[in-house]
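**Student:** From the sequence below, what's the structure:
(one chain, ligands or ions: 1)
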Amino acid sequence: MKLLQIDSSITGASSVSRPLTEAVVAKLVAADPATAVTKRDLAAAPLPHLDLASYPGGESEAAAASSAILEEFLAADVVVIGAPMYNFTIPSQLKAWIDRVVVRGRTFSYGPDGVTGLIPGKRIIIVVSRGNFYGPGAPAAVFEHLETLLGGVFGFLGAPPEFVIAEGVAAGPEHLAAALDSAHQAIDRLAA
Ligand SMILES: Cc1cc2nc3c(=O)[nH]c(=O)nc-3n(C[C@H](O)[C@H](O)[C@H](O)COP(=O)(O)O)c2cc1C
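**Tutor:** Prediction:
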């Protein structure tokens, strides 16, 4: 099995999402020790904004770099993505990566019957960390544009993601502990 681990937190040693993506990967590797893990740290090595020159499939050096990101994604059986919420949505570093892997003709197609996702069967696990609470009925729920975005994107590609969520992590030490506990329980429940 090939596993691609994507981290995008900018908060270094204090990151909530990074140890959780590690825990997800550790669980999957323990279940299948032959798993080949590739790690991509989008904070340490940010991708530039997508532009015309870097659009995958073109001739330029920038396009080749984008194509390499796309091929790395396509080659993975499982993709584990650390997705902290910054200003109500994903980090721009993660958006730049998404812009390399949502590619017409490679990961989705348009046809007479509408959109077809081209990556069915790829397993996508997304670790969400967010400071506030966004569940049903929460006052901030209307500002939740991370889970909705990533759920939509990977559903569009034919691979609806599994989520591990740590929320309320900025609401005080007790809430942080409860959020981590809940996230680790969700990791325990993930199929191996
Ligand atoms: C730049 C920045 C913006 C943030 N914006 C939000 C936000 O809009 N909503 C929220 O609930 N938490 C927000 N937070 C809190 C983070 O979601 C929280 O600290 C989370 O743990 C981030 O993941 P990380 O620790 O892996 O970096 C923000 C944190 C930072 C550093």
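
**Student:** Can you name the residues in contact with the helix or strand encompassing Val24?
**Tutor:** Counting by DSSP states H and E, the element that carries Val24 is helix 17-31. For helix 17-31, the external contacting residues (Cβ atoms under 8 Å, 6 or more residues apart in numbering) are 1, 3, 5-9, 35, 37, 78, 80-84, 125, 127-129, 164, 166, 180, 183-184, 187-188, 190, 192. (C-beta placed from N, C-alpha, C; glycine too.)

**Student:** Counting neighbours, which of those residues end up buried?
**Tutor:** Taking 16 or more other Cβ atoms under 10 Å as the criterion, what is buried in these is 3, 5-9, 37, 78, 80-84, 125, 127-129, 164, 166, 180, 183-184, 187, 190.

**Student:** Can you sort out which of these also neighbour the ligand?
**Tutor:** Ser9, Pro84, Ser129 (Cβ under 6 Å from any ligand atom).

**Student:** On the three-state scheme, the first one is what?
**Tutor:** Classification of Ser9 into helix, strand or coil gives coil, according to DSSP: H, G, I helix; E, B strand; the rest coil.

**Student:** Setting aside sequence neighbours, what's the nearest residue to it?
**Tutor:** Ser15 (4.0 Å; Cβ to Cβ, 6 or more residues apart in numbering).

**Student:** Likewise for Pro120?
**Tutor:** Using Cβ to Cβ, 6+ apart, the closest residue to Pro120 is Gly158 (4.2 Å).

**Student:** residues near that neighbour, how many?
**Tutor:** When counting by other Cβ atoms under 10 Å, one arrives at 16 neighbours for Gly158.

**Student:** Give the other helices and strands that the lengthiest helix in the chain contacts.
**Tutor:** Across the chain, the longest stretch assigned as helix under DSSP state H is helix 173-189. When contacts are defined as 3 or more Cβ pairs under 8 Å, 6 or more residues apart in numbering; DSSP states H and E, helix 173-189 packs onto helix 17-31, strand 162-167.
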